[in-house]
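A.B. asks: I would like the atomic coordinates for the input below:
(chains A and B)
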There are 2 protein chains.
Amino acid sequence: MPKLSDFKLVTSPLPSPGPGECLVRGVYLSLDPYMRGRMDDRKSYAESVQLGQVMVGQVVGRVVASRHPGLQPGDPVVGNLGWQDQAVAPAESLTRVDPGQESLSTTLGILGMTGLTAYFGLLHVCQPQAGETVVISGAAGAVGSTVGQIAKIKGCRVVGVTGSQAKARYLREQMGFDAALVWGSESDGPHRLASACPDGIDVYFDNLGGAVTDAVVNLLNLKARMAVCGQSSQYNLDRPEQGSRWLRNLIVKRAKIQGFLVWDFAAEHAQALRQLQDWLGASRLRNREHVVEGIENAPGAFIEMLEGRHLGKYLVRLSPE
Amino acid sequence: MPKLSDFKLVTSPLPSPGPGECLVRGVYLSLDPYMRGRMDDRKSYAESVQLGQVMVGQVVGRVVASRHPGLQPGDPVVGNLGWQDQAVAPAESLTRVDPGQESLSTTLGILGMTGLTAYFGLLHVCQPQAGETVVISGAAGAVGSTVGQIAKIKGCRVVGVTGSQAKARYLREQMGFDAALVWGSESDGPHRLASACPDGIDVYFDNLGGAVTDAVVNLLNLKARMAVCGQSSQYNLDRPEQGSRWLRNLIVKRAKIQGFLVWDFAAEHAQALRQLQDWLGASRLRNREHVVEGIENAPGAFIEMLEGRHLGKYLVRLSPE
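C.D. replies: Got it, this is the predicted structure:
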């Protein structure tokens, strides 16, 4: 688990934008579980951040100065600017934010990587059908709670697995989940999961891994589909955890497991965003955010996110909108 | 591991065929790894065989007496008649063997369930492309060696993992594998597998599970595909073996794992059989059989198959062809 002393706040001179570049003032920084992986030196789908480098992260903000004809001062943009208040970046690495969006923050969340991750992982990888049972681990996270809501729109029975009674209540009462159960240190988790899924499990959206996933595999229905989005139960371990081998169950159930990244579906992002925006506009999706003020509070908020302290999408407000 | 004393040879009066039934004299009984699962009381895709029941198994034989107009005495048929010399069965549960087949035995092997399992698991589940690296565990088994040959027909680099130097040589010299390595108790298996797969692994056909599969997962390429056909390293364990959790790798590589059964593709069997027959006829596939004589030797041969003592498809000759 990262600790505050692993981070350092550094003030450095702001460079001027060169040809084709923009200076951007950040408004919101997104905090996401994937960042934990970038703090490792294990091989992953992207380069690790080196010690002393600026931590990576998506920022939505406004152009302050531009040396590219396509962007003007004041334009709202999103880009991978990292954990910084202001940054200079090539204009081509920035995406102008659709002015129809109600708030800049949604660009980083439900109408951004969070919403797209939920959308493609559930709909493209798992292809849920109406009436099927969908289980989500890490269900109260920003991605998990969006997955559950989309599954409800598609007519599924939705069961969330989460870390506290308050979160379970939130999922049932505010996010429309049919059931939500707390996975704690008690050994009756598998039994309670089975009770919450009387018809077995057709679709599993995994943010967590570990014992929850083992229990799900034992309850799979024929032709079940599992999307592996995250394995956050494993990220802070020094060495891989040991668990029961269960590949045999995949034969018995002719089930499929697939890992995915939201970027694999880049060609379809625009279309998915229109769908998410429609659902949000029609109040079929609810968006919840947890916002902390100031870049100096980003490390603490990131650690709280890994600990699952608060609900919804974690954002750091870098400057007034 | 089953032992000889778990089996009993019983002689019982032969019933006469009723209306719609046939009496069949068995010629060959197929021995297959899936049978081990039927000897368990664990939940699986099919009912377990109860103590005292006739063990299940596919038999090819000839009709002796028929009370169904579609079958005549002398007709060659295949059906799930179990481990018996002769049996009475409903004609509708029997399939007449294509008279074009060179020998009755291939109906149980390369032109039967064995060949179809290899065909669908490799081509439909894994969709290998020319130039990709295909790894097969349990490679010298009847299914595994067929998978490797089909992968070679499709232009892949084929690497087999097997249990002895003799089998590795057989795969390289007789089955056309590009490489074959022995997985023993030494700890350098993962390293040797990596050396045999300098371009990583695109496709994995898993008959074995356990440590070999763990090592494969560490070498997967982007968008790799794994078919789970068997987990024979796990079948004789009292409780599931513990292993490192590696689902995170599926995210990193956006890889897919899928369990399958040959019966899932029943609608396409006829077409696949024509393709297998063409390849066999053109000597692009080689067929190897290990035949033991007499039903009384079936238990011993079955145990030898689980131990991997001999090469090729295991058959018991029940009577002269």
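
A.B. asks: show me how the record splits chain A into domains.
C.D. replies: A:4-109+A:288-317, A:113-263 (automatic domain parsing).

A.B. asks: which one of these is the most hemmed in?
C.D. replies: Sort the domains of chain A by mean neighbour count, taking mean count of other CB atoms under 10 Å in any protein chain shown, and domain A:113-263 sits at the top with a mean of 21. (Each C-beta comes from the backbone N, C-alpha and C, glycine too.)

A.B. asks: please enumerate the strands of chain A.
C.D. replies: For chain A, the strands defined by DSSP state E cover A:21-31, A:59-66, A:76-79, A:86-90, A:95-96, A:133-137, A:157-162, A:179-182, A:201-206, A:220-228, A:242-244, A:256-259, A:289-293, A:313-317.

A.B. asks: make a markdown table out of the ones you listed and add mean pLDDT and distance to chain B.
C.D. replies: As requested, the strands of chain A are exported to a markdown table (pLDDT from 0 to 100; distance: least, CB to the nearest CB, whole Å):
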| stretch | mean pLDDT | distance to chain B |
| --- | --- | --- |
| strand A:21-31 | 97 | 19 |
| strand A:59-66 | 97 | 24 |
| strand A:76-79 | 96 | 23 |
| strand A:86-90 | 97 | 26 |
| strand A:95-96 | 92 | 23 |
| strand A:133-137 | 98 | 11 |
| strand A:157-162 | 98 | 15 |
| strand A:179-182 | 97 | 21 |
| strand A:201-206 | 98 | 7 |
| strand A:220-228 | 98 | 5 |
| strand A:242-244 | 89 | 4 |
| strand A:256-259 | 98 | 3 |
| strand A:289-293 | 96 | 24 |
| strand A:313-317 | 97 | 20 |
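
A.B. asks: of all those, which one is nearest B:Tyr314?
C.D. replies: strand A:220-228 (29.1 Å; CB to CB).

A.B. asks: check A:Tyr235 and give its pLDDT.
C.D. replies: Per-residue confidence (pLDDT) for A:Tyr235: 81.

A.B. asks: name all residues that make contact with it.
C.D. replies: Neighbouring residues of A:Tyr235 by CB atoms under 8 Å, 6 or more residues apart in numbering or on different chains: A:Pro33, A:Arg36, A:Gly37, A:Asp40, A:Leu306.

A.B. asks: up against chain B, what does chain A have?
C.D. replies: Within reach of chain B by CB under 8 Å from any CB of the partner chain, chain A has these residues: A:43-45, A:206, A:209-210, A:213, A:228-231, A:234, A:240-261, A:264.

A.B. asks: measure A:Gln165 to chain B for me?
C.D. replies: Counting by CB to the nearest CB, to the nearest Å, the gap between A:Gln165 and chain B amounts to 27 Å.

A.B. asks: can you tell me the closest non-neighbouring residue to that residue?
C.D. replies: Of all residues not flanking A:Gln165 in the chain, A:Val182 sits nearest, at 5.8 Å (CB to CB, 6 or more residues apart in numbering or on different chains).

A.B. asks: A:Thr117 too?
C.D. replies: Distance criterion CB to CB, 6+ apart; nearest residue to A:Thr117, sequence neighbours excluded, is A:Val262 at 4.4 Å.

A.B. asks: equivalent analysis for A:Asn249, please.
C.D. replies: Per CB to CB, 6+ apart, closest to A:Asn249 is A:Val217, 5.2 Å.

A.B. asks: the one you found against A:Trp246, yeah?
C.D. replies: Yes. Using CB atoms under 8 Å, A:Val217 is in contact with A:Trp246, at 4.7 Å.

A.B. asks: confidence score at the residue of the stretch 101-250 of chain A found nearest chain B?
C.D. replies: Distances between the stretch 101-250 of chain A and chain B by CB to the nearest CB are smallest at A:Leu250, namely 3.2 Å. On pLDDT, A:Leu250 comes in at 96.

A.B. asks: related to what we said a few turns ago, hmm, the residue nearest to A:Thr117 is touching A:Ala118, no?
C.D. replies: No. Using CB under 8 Å, A:Val262 and A:Ala118 do not qualify as a contacting pair, with a distance of 9.1 Å.

A.B. asks: so where's the stretch 1-150 of chain A shaky on pLDDT?
C.D. replies: A:43, A:99-101 (pLDDT under 70).

A.B. asks: and A:Thr146, how far from A:Lys152?
C.D. replies: 11 Å (CB to CB, to the nearest Å).

A.B. asks: again with A:Val292
C.D. replies: Distance of A:Val292 to A:Lys152, given as CB to CB: 29 Å.

A.B. asks: ok, now A:Lys313?
C.D. replies: Taken as CB to CB, the span from A:Lys313 to A:Lys152 is 19 Å.

A.B. asks: please tell me how far stretch A:197-205 is from the chain's geometric centre.
C.D. replies: Its chain's average C-alpha position is 22 Å from that of stretch A:197-205, according to CA atoms, centre = their mean, to the nearest Å.

A.B. asks: now do stretch A:91-101
C.D. replies: From the chain centre to the centre of stretch A:91-101 is a distance of 20 Å (CA atoms, centre = their mean).

A.B. asks: what of stretch A:46-56?
C.D. replies: Stretch A:46-56 sits 19 Å away from the centroid of its parent chain (CA atoms, centre = their mean).

A.B. asks: one more: stretch A:249-260?
C.D. replies: Using CA atoms, centre = their mean, the offset of stretch A:249-260 from its chain centre is 23 Å.

A.B. asks: and if you look at stretch A:4-11?
C.D. replies: Centre-to-centre, stretch A:4-11 and its host chain are 24 Å apart (CA atoms, centre = their mean).

A.B. asks: same question for stretch A:102-110.
C.D. replies: Remark: stretch A:102-110 is offset 13 Å from the chain centroid, using CA atoms, centre = their mean.

A.B. asks: ok, stretch A:313-321 next?
C.D. replies: From the chain centre to the centre of stretch A:313-321 is a distance of 16 Å (CA atoms, centre = their mean).

A.B. asks: from one end of it to the other, what's the distance?
C.D. replies: Criterion CA to CA, to the nearest Å; first-to-last residue distance in stretch A:313-321 is 17 Å.

A.B. asks: so where do the helices sit in chain A?
C.D. replies: A:34-38, A:113-119, A:142-153, A:165-173, A:189-196, A:210-217, A:247-253, A:269-281, A:298-307 (DSSP state H).
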